[in-house]
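Participant: need coordinates for the below:
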Amino acid sequence: MQADPARTVLVVGDRPQLWAALQERLDPRYVLVRWTTPARLRPALGACPPWPWSVAGEDAEAGASLVALARSRPLLLHWLGAPPAGMPGHLQAHRDWRALAAAIQVQLEAHVGELRLAPERGLRAPGRTFRSAELEALVAAYPNAIDVPLAAFRGATRVLRSNGIPWRVARAAGGVCLVPAPPGRSEAAPRVAGGPGRR
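Facilitator: From the prediction side, this is the model:
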């Protein structure tokens, strides 16, 4: 599988039906839908740098490589039926593929203040675009928390501060989420004018 830097939903399953359903319903300007079998999961994860934006699955078991990644990096996780053992608490389990597709679409359309996902990859605010895989996940999950360590969000904190965005990354019940910065205490360093930010 060739690496692609686009925002990716990686579908994991023995059959391609879920992949086909998501590919048909999710806006291709905002997300690339890829499919892999559990046996090919490790190279498929590597083909979605720095990691998949979201993983959608329908098998009872998840490979050790996916569980390890999901517990250390902010992946958005969706599953048909009972979730696999060892997956983090923010995984969403769905009864059918329609509910799963709708949940991912809600995350693609999410916004936090003026922050929203940009087409293909990155985020946008009025007059600015920047990159941060961690911040993309936090915006998409808002107001819910992502159940991975706070240290995994250093890149998001850096982007918020350098762009003068009045939100901060904080611990919350169930993990880590975005919260408004306290009034009168900006998280910002001097604002970076234009251009993409760094991961």
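
Participant: how far does the helix or strand hosting L135 sit from the chain's center?
Facilitator: If you go by DSSP states H and E, L135 is part of helix 133-141. Chain-centre distance of helix 133-141: 5 Å, with C-alpha atoms, centre = their mean, to the nearest Å.

Participant: just the CA coordinates for that helix, please, in CSV.
Facilitator: These are the backbone C-alpha positions of helix 133-141, laid out as CSV (Å, rounded to 0.1, in the frame of the first residue of the first chain):
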residue,chain,number,x,y,z
ALA,A,133,-2.6,15.6,13.4
GLU,A,134,-3.2,15.8,17.2
LEU,A,135,-5.3,19.0,16.9
GLU,A,136,-7.3,17.6,14.0
ALA,A,137,-8.3,14.7,16.3
LEU,A,138,-9.2,17.0,19.2
VAL,A,139,-11.3,19.3,17.0
ALA,A,140,-13.2,16.3,15.4
ALA,A,141,-13.8,14.7,18.8
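
Participant: between helix 133-141 and the longest helix seen in the chain, find me the angle.
Facilitator: Scanning the chain for the helix with the most residues, using DSSP state H, yields helix 97-108. Inter-element angle recorded for helix 97-108 and helix 133-141: 120 degrees (by axes from the mean of the first three to the mean of the last three C-alpha atoms, to 10 degrees).

Participant: give the pairing partners of the helix or strand just after helix 97-108; include direction for each.
Facilitator: The helix or strand immediately downstream of helix 97-108 is strand 111-112, counting by DSSP H and E. Strand pairing for strand 111-112, using DSSP bridges, gives strand 115-117 (antiparallel).

Participant: domain parsing of this structure, as residue ranges.
Facilitator: Split into domains by automatic domain parsing, the chain comes to 8-107, 114-180.

Participant: can you put those in TSV and add mean pLDDT and mean neighbour count?
Facilitator: Just so you know, the C-beta spots here come from the backbone N, C-alpha and C atoms, and that holds for glycine as well. Below are the domains of the chain laid out as TSV (pLDDT from 0 to 100; neighbours: other C-beta atoms under 10 Å):
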stretch	mean pLDDT	mean neighbour count
domain 8-107	93	18
domain 114-180	94	18
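
Participant: so which elements touch the helix or strand hosting A20?
Facilitator: Element membership for A20 (DSSP H and E) is helix 17-25. For helix 17-25, the packing partners by 3 or more C-beta pairs under 8 Å, 6 or more residues apart in numbering; DSSP states H and E come out as strand 8-12, strand 32-36, helix 97-108.

Participant: any residues touching it, and which ones?
Facilitator: Helix 17-25 is touched from outside by 9, 11, 13, 33-35, 56, 58, 80, 97, 100-101, 104-105, with contacts defined as C-beta atoms under 8 Å, 6 or more residues apart in numbering.

Participant: what ranges do the helices span in this structure?
Facilitator: Using DSSP H, helices in the chain cover 17-25, 41-46, 64-70, 97-108, 133-141, 154-162.

Participant: just to revisit the earlier point, could you dump the helices and strands packed on helix 17-25 into a markdown table and include distance to R161?
Facilitator: Shown next, in a markdown table, are these (distance: least, C-beta to C-beta, whole Å):
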| stretch | distance to R161 |
| --- | --- |
| strand 8-12 | 27 |
| strand 32-36 | 30 |
| helix 97-108 | 24 |
